[in-house]
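Trainee: dropping the sequence and predicted coords here.
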Amino acid sequence: MYLFSFLILPICFFIAGIGCIICSNKNPNKIVGYRTKNSLKSKEAWKFSNHRAGVLSLRMSVVMFLGNMMFYALGLQNDCLEGLTTLVMLIDLLEFFLTIFIVEDETIKKFKNLDIEK
């Protein structure tokens, strides 16, 4: 059961990354993709934001997977999986918010002329 807890967020991040990359070639919509006020400002902003979010999500999923497996192995050796599960989930969520912050910041900088808000 604990192994599932250590794998769920990296797997979700990987799937989201692929979805964002696929959505980067579609028209902006409010259903699928990396949807923020800034990414919906133009088709170019949509493509950039979704592609960047997808690439970052794929990279972060690999980092999450490797880190989570390291913590899982550490937890098995020291018989402390329960406490490590909470820590790993918090670290993974921090990586999730970091991805959003990076993409939003890059979108704002790249599309200054589109009146994108900070």
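Mentor: Nice, thanks for sending it over.
Trainee: the longest helix belonging to the chain: what's the following helix or strand?
Mentor: Using DSSP state H to define each element, the chain has its longest helix at helix 43-78. Counting by DSSP states H and E, the next helix or strand C-terminal to helix 43-78 is helix 81-110.
Trainee: from the contact counts, what lies against that following helix?
Mentor: helix 2-23, helix 43-78 (3 or more C-beta pairs under 8 Å, 6 or more residues apart in numbering; DSSP states H and E). (Each C-beta comes from the backbone N, C-alpha and C, glycine too.)
Trainee: distance to residue 97 for those - can I get that in TSV?
Mentor: Below are these laid out as TSV (distance: least, C-beta to C-beta, whole Å):
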stretch	distance to residue 97
helix 2-23	12
helix 43-78	11
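Trainee: where in this protein is pLDDT low?
Mentor: For the chain, the stretches with pLDDT under 70 are 1, 114-118.
Trainee: related to what we said a few turns ago, got CSV for the helices and strands packed on helix 81-110, with mean neighbour count too?
Mentor: Output for the helices and strands packed on helix 81-110, formatted as CSV (neighbours: other C-beta atoms under 10 Å):
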stretch, mean neighbour count
helix 2-23, 17
helix 43-78, 18
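Trainee: what's the closest of these to residue 90?
Mentor: Relative to residue 90, the nearest member of those by C-beta to C-beta is helix 2-23, separated by 10.5 Å.
Trainee: only alpha carbons, please: show the closest one as CSV.
Mentor: Provided in CSV are the C-alpha atoms of helix 2-23 (Å, rounded to 0.1, in the frame of the first residue of the first chain):
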residue,chain,number,x,y,z
TYR,A,2,2.8,2.4,0.8
LEU,A,3,4.5,1.8,-2.5
PHE,A,4,1.3,3.1,-4.2
SER,A,5,1.5,6.3,-2.1
PHE,A,6,5.0,6.8,-3.2
LEU,A,7,4.2,6.3,-6.9
ILE,A,8,0.8,8.1,-7.4
LEU,A,9,2.0,11.7,-7.7
PRO,A,10,4.9,10.9,-10.1
ILE,A,11,2.6,8.9,-12.3
CYS,A,12,0.0,11.7,-12.3
PHE,A,13,2.6,14.3,-13.1
PHE,A,14,3.9,12.2,-16.0
ILE,A,15,0.4,11.8,-17.4
ALA,A,16,-0.3,15.5,-17.0
GLY,A,17,3.0,16.4,-18.7
ILE,A,18,2.1,14.3,-21.8
GLY,A,19,-1.4,15.8,-21.8
CYS,A,20,0.0,19.4,-21.6
ILE,A,21,2.3,18.7,-24.5
ILE,A,22,-0.5,17.3,-26.6
CYS,A,23,-2.7,20.3,-25.7
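Trainee: nothing else from me, thank you.
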